[in-house]
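*Asks:* sequence first, then the predicted structure:
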Amino acid sequence: MSEKQDSRQFTLPIRVYYEDTDAGGVVFYANYLKFFERARTEWLRHLGVNQSELASSDNRIFVVVNTQLNYKKPARLDDMIVIKSKITKVGDASATFVQWAERDAQLLVESTIKICCVNNQTFRPAAIPPSVRTLLISVQD
């Protein structure tokens with residue numbers, strides 16, 4: 001699913017389908033949030049973190065608490081785009097990702113997304129499990 005990976009950056013290719021586009025034939029702006037979510041999830045999976053197991057064994061889940069996106073150029077139906085991700089900061093209960101979408105090395109969308117680890121029963125912030133935090137720090141840019 002992913003291309004060759006650098007330890008400090010993750011790359012996920014995504015094909016644009018009809019369902020991803022709006023009436024103008026371009027990727028609907030909110031769908032980039034879904035693409036970025038998929039890339040973060042696949043990166044964690046690539047690193048060996050199973051989020052379902054984390055939720056059941058540690059009562060921890062990750063939620064998005066802040067997003068900032070800048071749209072530069074549109075992607076269209078059938079385009080092959082690449083989502084690239086880096087972690088720029090890891091805290092006790094949060095991590096900040098810089099993610100961007102490219103087509104043929106042209107920047108389409110850039111984002112900064114902060115996630116927070118929460119207890120899945122109370123939804124209050126909770127420490128990222130030590131093994132996961134160490135892993136995130138090891139790939140932090």
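*Replies:* Ah, there it is.
*Asks:* Val63 contacts Ile115, correct?
*Replies:* Yes. Between Val63 and Ile115 there is a contact at 6.6 Å, judged by CB atoms under 8 Å. Backbone N, C-alpha and C define where each C-beta goes, glycine included.
*Asks:* which one of these two has more residues nearby?
*Replies:* Ile115 (21 against 13; other CB atoms under 10 Å).
*Asks:* other residues contacting the host helix or strand of the more buried one?
*Replies:* Ile115 belongs to strand 106-119 when assigned by DSSP states H and E. The contact list for strand 106-119 (CB atoms under 8 Å, 6 or more residues apart in numbering) reads 32, 36, 40, 59-75, 81, 88, 93-102, 124-128.
*Asks:* got the angle for the longest helix along the chain vs strand 106-119?
*Replies:* Ranked by number of residues, the top helix in the chain under DSSP state H is helix 31-47. Using axes from the mean of the first three to the mean of the last three CA atoms, to 10 degrees, the interaxial angle of helix 31-47 with respect to strand 106-119 works out to 70 degrees.
*Asks:* what score does the residue nearest to the spatial centre of the chain have for pLDDT?
*Replies:* Centroid-nearest residue in the chain: Arg40, 2.9 Å away (criterion: CA atoms, centre = their mean). Note for Arg40: predicted pLDDT of 97.
*Asks:* doesn't Thr96 make contact with it?
*Replies:* No. The pair Arg40 / Thr96 is not scored as a contact, 11.3 Å apart, by CB under 8 Å.
*Asks:* hang on, the earlier thing: next one: the residue nearest to the centre of the chain from Asp78, what distance?
*Replies:* Distance of Arg40 to Asp78, computed by CB to CB, to the nearest Å: 25 Å.
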